[in-house]
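K.L.:
With the input below, show me the fold.
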Amino acid sequence: MIILGVDPGTFTTGYGLIEKGKNSIRHIDNGLISPSKADLPLKLKQIFDAIHLLIEKFSPQELALEDVFVAKNARSSLKLGHARGVVMLAAANHGIPVYEYSPASVKSAIAGFGQASKEQMQKMVKIHLKLVEVAAEDAADALAVALCHCQTKRFEKI
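P.N.:
Residues are numbered from 1 along each chain as shown. The predicted structure follows:
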């Protein structure tokens with residue numbers, strides 16, 4: 001089964017693709033979607049289009065998404081919600097179920113500690129997936145969400 005993990009954001013959206021076999025997890029791809037510095041509707045379209053292309057190229061069966069966290073700035077939280085919405089829409093258009101995980105549950109599943117730092121998470125993702133180098137921060141977060149989805153049996157389907 002191929003799982004697409006996504007760490008949404010309007011400045012940078014990280015993605016990571018892994019394949020869960022019977023007794024193994026294999027890294028397929030990861031990267032960043034960096035929309036242009038356009039207005040919000042165009043950024044959202046660019047995120048949607050990129051996720052659509054990833055789905056077309058890799059045919060994931062499930063999508064794991066980092067749950068919204070309450071930012072200090074309500075406006076930032078709203079924009080994050082918009083980015084999450086277009087990711088969910090892209091998955092829904094392809095009939096792919098979406099599962100959500102809180103940042104703390106992702107950190108616990110991957111690092112064993114719900115308050116793990118970004119650097120700790122990047123290193124743990126590298127170890128879990130036997131990557132040659134550490135993935136970019138947002139891509140590592142997306143891979144961590146996908147790994148969390150694989151490693152927990154408490155799937156929370158939206």
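
K.L.:
From now on I want contacts and neighbour counts done on CA atoms only, so please keep to that.
P.N.:
Noted.

K.L.:
any idea of the pLDDT on Lys37?
P.N.:
Per-residue pLDDT puts Lys37 at 84.

K.L.:
cool, and the one 4 residues further on?
P.N.:
Per-residue pLDDT puts Pro41 at 93.

K.L.:
Can you list the buried residues in the helix or strand harbouring it?
P.N.:
Taking DSSP states H and E as the criterion, Pro41 maps to helix 40-58. For helix 40-58, a neighbour-count test (16 or more other CA atoms under 10 Å) marks 40, 43-44, 46-48, 50-52, 54-55 as buried.

K.L.:
Rebuild these as JSON lines, extending it with distance to Ile110.
P.N.:
Putting those into JSON lines (distance: CA to CA, whole Å) gives the following:
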{"residue": "Leu40", "distance to Ile110": "32"}
{"residue": "Lys43", "distance to Ile110": "30"}
{"residue": "Leu44", "distance to Ile110": "29"}
{"residue": "Gln46", "distance to Ile110": "30"}
{"residue": "Ile47", "distance to Ile110": "26"}
{"residue": "Phe48", "distance to Ile110": "27"}
{"residue": "Ala50", "distance to Ile110": "26"}
{"residue": "Ile51", "distance to Ile110": "24"}
{"residue": "His52", "distance to Ile110": "27"}
{"residue": "Leu54", "distance to Ile110": "24"}
{"residue": "Ile55", "distance to Ile110": "24"}
